[in-house]
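Enquirer: here you go, sequence then predicted model.
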Amino acid sequence: MKPKYKIGDKLKASDFDKEQYGIEYVTITSINEENKVYHWESSLNPGKVHSGYFFKDSVLYEEEYNPYCPICTGCGEEGCCSPLRCKQSPDGSYCESYLNDLKFGYMMYEDVYDLIPKDEETENKLHEIWEKNYELIYNKK
């Protein structure tokens, strides 16, 4: 008979363990296939592995939904968090949508820039803005 849980599964801790030790869940680290003993660890003693048979009636632990990207903490809501914070990480949550926001912003910049009158005063102000932003992005220390 195949074990009920697999390595990496998080199992909800009992009410007793939650109240006494503050453990929300345990994580299955290995399984002895012969006797169906689960080896697990918890937040109580990180890195210390325990054994037990008592998981036959356990339920999988459902982590609370968290909408924020684990890499840049962006929320992915259009117009809320700046796409400039995105690290374009393979582990990011909203990288594709933030990249699209950046592409859209650049396209808008190109089109709007062409509409700006090209008098000397405006050109000087644009140059100052460009220099300031260039320094912020490319010359970060």
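Expert: Good, I have the coordinates. Please read these numbers as outputs of a predicted model, since none were measured by experiment.
Enquirer: point out where this structure drops to low pLDDT.
Expert: Scanning the chain for pLDDT under 70 picks out 1-3, 36, 52-57, 59-65, 141.
Enquirer: so for it, the centremost residue is which one?
Expert: Nearest residue to the geometric centre of the chain (CA atoms, centre = their mean): residue 70, 1.8 Å.
Enquirer: and the gap between that one and residue 91?
Expert: Computed as CB to CB, to the nearest Å, the residue 70 to residue 91 distance reads 7 Å. For the C-beta atoms, the positions are set from N, CA and C on the backbone; glycine is no exception.
Enquirer: now do residue 109
Expert: In this view, residue 109 and residue 91 are 29 Å apart by CB to CB.
Enquirer: one more: residue 17?
Expert: For residue 17 relative to residue 91 (CB to CB), the value is 30 Å.
Enquirer: give me the neighbour count for the spatially closest residue to residue 116 that is not a sequence neighbour.
Expert: In this structure, residue 116 finds its nearest non-sequential neighbour in residue 122, 6.2 Å apart by CB to CB, 6 or more residues apart in numbering. Other residues near residue 122 number 11, with proximity taken as other CB atoms under 10 Å.
Enquirer: could you say which helix or strand holds residue 122?
Expert: Per DSSP states H and E, residue 122 falls inside helix 120-138.
Enquirer: ok, now how distant is residue 17 from residue 51?
Expert: Distance of residue 17 to residue 51, given as CB to CB: 15 Å.
Enquirer: so for these two, which residue has more residues nearby?
Expert: residue 17 (16 against 12).
Enquirer: list the buried residues for the longest strand anywhere in the chain?
Expert: As assigned by DSSP state E, the longest strand anywhere in the chain is strand 25-32. Neighbour-count burial for strand 25-32, counted by 16 or more other CB atoms under 10 Å, picks out 25-28, 31.
Enquirer: for stretch 39-52, same thing?
Expert: Quick answer for stretch 39-52 (16+ other CB under 10 Å): 40, 42.
Enquirer: what's the offset of it from the middle of its chain?
Expert: Relative to its chain's centre, stretch 39-52 lies at 25 Å (CA atoms, centre = their mean, to the nearest Å).
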